[in-house]
Structure formats: structure tokens, C-alpha cells
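K.L.:
Give the three-dimensional model of this entry:
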Amino acid sequence: MTVLGALGRRVSAAASTTATTDFASTQAAMSEDGAAATPRSGIVEGGAGATTATTTTATTGAWLPEHGVGDRRFLDIGDVELESGAVLQDVTMAYETWGTLDPDGGNAILVLHALTGDSHLRGPASRAHASPGWWEQMVGPGCPIDTDRYYVIAPNILGGCQGSTGPSSIAPDGRHWGSRFPLLTVRDQVEAERRLRDALSIQRWALVVGGSMGGMRAVEWAASYPSEVERLAVIASSARATADQIAWNTAQSAAIRMDPEFRGGDYYDVPGGRGPQHGLGIARRIAHTTYRTADELEDRFGNRPQADEDPFDGAGRHQITSYLEHHAGKLSRRFDANSYLLLAHSMNTHDVGRGRGGTAAALERVRARTLVVAIDTDRLFPPVLVEEMATHIPHSDWRVAHSVIGHDAFLLAHPDLDEWIRGLLGR
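P.N.:
Residues are numbered from 1 along each chain as shown. As a prediction, the model looks like this:
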């Protein structure tokens with residue numbers, strides 16, 4: 001058993017039914033991956049999961065203590081033994097909450113973010129939160145997940161870069177973990193979330209909900225701990241990774257690793273270094289293209305030039321080129337390349353049926369009342385793949401939403417999704 005210690009110490013600081021519907025073709029800029037209860041013992045409301053270290057912020061878009069705490073809370077969950085046999089010591093989880101926990105803890109809902117998302121479901125962007133809340137239309141007072149009724153917890157994923165322990169955290173020797181950080185699986189990430197829940201004295205989730213990579217963790221929660229999940233909602237996700245998903249993730253990962261500034265993953269403390277921002281930007285261009293549909297991009301941009309630029313002169317760009325560059329730069333300012341690699345690998349190895357007799361057998365373990373939603377134009381998680389969960393999970397409702405957008409539609413406001421979530425919580 002390998003012990004990897006002191007990741008992120010705290011810093012004190014001030015039978016299924018089917019339906020089809022239509023997503024609005026909102027041309028949103030967001031992309032996959034965008035009053036609290038009284039704290040309990042061990043919770044830090046102000047502070048990070050790391051000791052102070054010298055760093056050049058240009059090398060990473062990871063959250064740093066000097067950015068301010070914002071709405072985050074931090075909780076040390078102790079040691080986490082990984083599937084690999086390695087043990088991470090003193091793991092810190094960052095999370096945000098909304099609403100008030102009932103005395104019996106029965107109204108707690110877990111919301112799980114996608115690949116480059118974070119804990120910030122609601123609230124404005126700020127120095128502490130690089131992006132505004134990514135699911136404000138779904139979570140809040142009077143929303144389908146009503147924070148006047150439910151206590152909502154959104155953690156930053158283990159291995160992420162927005163406050164939870166990850167490669168940009170500080171190791172016991174005072175340096176960033178970087179290339180030394182161990183590989184993680186989706187089950188490892190669920191285990192960390194379960195430790196967080198236990199520390200908050202919550203015995204059972206009223207609902208676990210997630211889209212894309214968040215959906216992978218959600219279904220893993222329900223298969224691993226059937227008695228601890230009352231309701232489950234999986235949106236635009238799957239019970240296992242596919243060859244197509246792994247292929248796209250592999251191309252994105254290669255782009256990051258080929259950036260000379262990647263330096264094998266140890267780029268944080270290089271004097272004057274920039275970090276693998278170019279490689280991360282290329283990865284984002286590839287990913288973002290898979291999150292949308294060809295029809296939507298053609299309708300929005302076609303082959304039109306950007307503003308007064310002339311693509312024929314060798315320097316001018318097309319509108320679609322400018323659009324992808326915008327998203328590349330936006331991600332590099334708020335995310336860490338090592339976390340991107342780590343989380344993409346977690347997605348690639350996702351398989352709820354591993355060691356459980358296959359996918360069907362694992363899904364049949366689920367006891368939660370379940371909502372499964374696919375998007376008809378989603379190339380990453382096509383309906384036939386998503387439907388596998390509805391086919392094998394008992395007590396599941398199967399819904400297909402129409403959208404011209406593709407995978408990213410799971411992030412957008414949609415009245416029928418609102419209705420489906422309200423219906424699930426009403427059961």
C-alpha cells in the first residue's frame with residue numbers, strides 16, 4: 001500500500017417510460033463543464049486545501065487561496081484509499097451549499113458537475129469564482145431543485161482544481177503535486193464525496209443528479225451504495241466509457257502533453273513559465289466541437305469571416321475559428337491542465353460494471369427511483385448508449401430531448417427537464 005500524504009492542508013482565512021421533447025436552441029456561451037446551513041465541526045468557511053507556495057498564476061487556471069474563498073467551504077475528509085491501493089492522506093474537499101438541512105438530514109441533494117465544471121452552481125463570477133453559476137435555472141428558491149425545501153451540496157471533484165485536492169495542490173514537501181499525483185477512478189471520486197457526506201452527518205441522499213461526467217459519478221453512487229440514494233437523475237451520460245469518448249479524450253490529452261510548457265506535468269513553479277496553456281486550449285477546441293452539432297455550428301457561423309478579417313490573407317480567421325479560440329482562452333484562465341488530464345483519464349476508465357458481473361448486473365443493483373435523460377443529437381452520449389441505463393435500472397423513467405445543440409444542451413434551461421426533475425422529487 002502506497003501512502004501519498006498531506007494533500008491540501010487547510011489555510012485559515014478571513015421499468016421505464018419514454019418521452020421525447022425539445023430543448024430550446026439557445027446559443028449559450030456556456031459549455032460542458034460551468035443561505036448556507038450552520039457549519040459543523042471540521043468545516044472551514046474561508047481557506048483552501050493547501051499550504052502557501054510560490055507560484056506563477058499564469059502557469060495554471062487553478063483556484064488559489066489568494067483569489068479569495070468566495071462561496072466555498074472546505075472540509076478535511078482524512079485519508080482516502082484509492083482503487084490502485086495508494087492512500088491519499090489529509091484530503092480536502094471544497095464544496096458549496098444552498099438551503100437548510102433538516103434535523104433528520106433527509107432533504108439533502110447532491111449535484112455533481114461535469115469535466116471542467118465546479119461547485120459554483122449559483123452566484124456571480126468574481127475573483128474567487130472565475131465563472132458564474134452553471135445551473136442557476138435548475139437550483140435555487142422556487143426552482144425545480146428548490147432550495148427553500150432542499151439542502152443542496154455541490155462538491156468540487158477529487159482531482160479537480162477549484163479547491164478540492166488535486167495535482168495543483170501542495171504536497172507535504174511544499175511543492176505542487178504535479179506529475180506525482182496518482183491516477184483516480186470515478187469510484188475514487190465517489191468515495192471522496194461519500195466521506196464528505198459522512199462528515200456532514202447525512203445518511204442518505206434524497207437525490208443524486210449529474211450530467212456528462214457528473215452523471216457518471218451519479219450512476220456510480222447509486223450502484224455502489226444502493227441503500228444511500230433515494231432518487232437518481234442521470235443526464236447525457238452513460239454507465240461506461242465508449243471507444244468514441246476515449247478517442248476524443250486521448251486526442252485532447254495528447255495536445256496538452258505535446259505542449260513544451262507542460263514539462264511532464266511539473267510546470268507550476270518554473271520561473272517565467274506560462275504552463276501548457278496552448279495545449280489546454282487545443283484540447284478545449286477539440287472538446288468543444290464534440291459538445292455541439294455540425295448543424296448548429298453551420299447555422300451560427302457557416303464559413304463567414306470574423307468581422308473585417310480576411311481568411312484569404314493567411315492571417316484572417318473565420319467566425320468559427322474565433323469562437324473556438326474564445327473558449328480555449330476562457331478555459332485556460334480557469335482550469336488546470338493536469339486536472340484536465342487526470343479527469344479525462346477517470347472518464348476513460350469509467351465502467352459501472354467493472355468487477356460486478358457486467359453493466360446490466362451492476363445497474364440492476366440500483367434501488368433509486370431514477371430519471372434517465374438523453375439528447376437526441378448528442379454524439380458523445382448518443383441515446384442508444386444512455387438508454388442502456390434505463391433498460392437495466394429498475395423503476396426508471398426514460399426521456400429523450402430534442403436539441404440542435406448536441407451534448408451541451410444538458411446545461412441549458414428547458415421546461416420539460418424542469419418538469420421531469422420536479423416529478424422525480426414529487427415521487
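K.L.:
only C-alpha atoms for contact and neighbour calcs from this point on.
P.N.:
Will do.
K.L.:
Now for this structure, the helix or strand with the poorest mean pLDDT.
P.N.:
Of the helices and strands making up the chain, the lowest-confidence element is strand 43-44, at a mean of 40, by mean pLDDT, DSSP states H and E.
K.L.:
following that one, which helix or strand comes up?
P.N.:
Stepping forward along the backbone from strand 43-44, the first helix or strand reached (DSSP states H and E) is strand 73-81.
K.L.:
helices and strands around that next one, which ones?
P.N.:
strand 43-44, strand 87-98, helix 186-199 (3 or more CA pairs under 8 Å, 6 or more residues apart in numbering; DSSP states H and E).
K.L.:
Quick one: the ones you listed as CSV, columns for distance to Arg300 and mean neighbour count too.
P.N.:
Formatted as CSV, the entries for the helices and strands packed on strand 73-81 read as follows, by distance: least, CA to CA, whole Å; neighbours: other CA atoms under 10 Å:
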stretch, distance to Arg300, mean neighbour count
strand 43-44, 45, 19
strand 87-98, 35, 24
helix 186-199, 35, 20
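K.L.:
At the geometric centre of this protein, which residue sits there?
P.N.:
The C-alpha lying nearest the average C-alpha coordinate of the chain belongs to Ala114 (CA atoms, centre = their mean; 2.6 Å).
K.L.:
Make sure that residue is actually in contact with Gly214.
P.N.:
Yes - distance between Ala114 and Gly214: 4.8 Å, which falls inside the contact criterion (CA atoms under 8 Å).
K.L.:
what about Arg231, distance to Ala206?
P.N.:
Between Arg231 and Ala206 the computed distance is 6 Å (CA to CA, to the nearest Å).
K.L.:
remind me which residues of this protein are low pLDDT?
P.N.:
Low-confidence segments of the chain (pLDDT under 70): 1-57.
K.L.:
at 50 what do you get?
P.N.:
5-20, 23-30, 33-57 (pLDDT under 50).
K.L.:
quick one, strands of it?
P.N.:
3-4, 18-22, 43-44, 73-81, 87-98, 108-112, 139-140, 145-146, 151-155, 207-211, 231-235, 369-375, 396-402 (DSSP state E).
K.L.:
JSON lines for the ones you listed, including distance to Thr165?
P.N.:
Formatted as JSON lines, the entries for those read as follows, by distance: least, CA to CA, whole Å:
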{"stretch": "strand 3-4", "distance to Thr165": "12"}
{"stretch": "strand 18-22", "distance to Thr165": "38"}
{"stretch": "strand 43-44", "distance to Thr165": "15"}
{"stretch": "strand 73-81", "distance to Thr165": "10"}
{"stretch": "strand 87-98", "distance to Thr165": "5"}
{"stretch": "strand 108-112", "distance to Thr165": "16"}
{"stretch": "strand 139-140", "distance to Thr165": "25"}
{"stretch": "strand 145-146", "distance to Thr165": "28"}
{"stretch": "strand 151-155", "distance to Thr165": "11"}
{"stretch": "strand 207-211", "distance to Thr165": "21"}
{"stretch": "strand 231-235", "distance to Thr165": "25"}
{"stretch": "strand 369-375", "distance to Thr165": "30"}
{"stretch": "strand 396-402", "distance to Thr165": "34"}
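K.L.:
With respect to Ala192, which of those lies nearest?
P.N.:
strand 73-81 (6.8 Å; CA to CA).
K.L.:
got the CA coordinates for that closest one in PDB?
P.N.:
Coordinates of the C-alpha atoms in strand 73-81 are reproduced here as PDB (Å, rounded to 0.1, in the frame of the first residue of the first chain):
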ATOM      1  CA  ARG A  73     -16.400  25.700   2.200                       C
ATOM      2  CA  PHE A  74     -13.600  23.300   2.800                       C
ATOM      3  CA  LEU A  75     -13.600  20.100   4.800                       C
ATOM      4  CA  ASP A  76     -10.700  17.700   5.600                       C
ATOM      5  CA  ILE A  77     -12.000  14.200   5.000                       C
ATOM      6  CA  GLY A  78      -8.900  12.300   6.100                       C
ATOM      7  CA  ASP A  79      -7.200   9.600   4.200                       C
ATOM      8  CA  VAL A  80      -8.700   8.100   1.000                       C
ATOM      9  CA  GLU A  81      -7.600   4.700  -0.100                       C
END
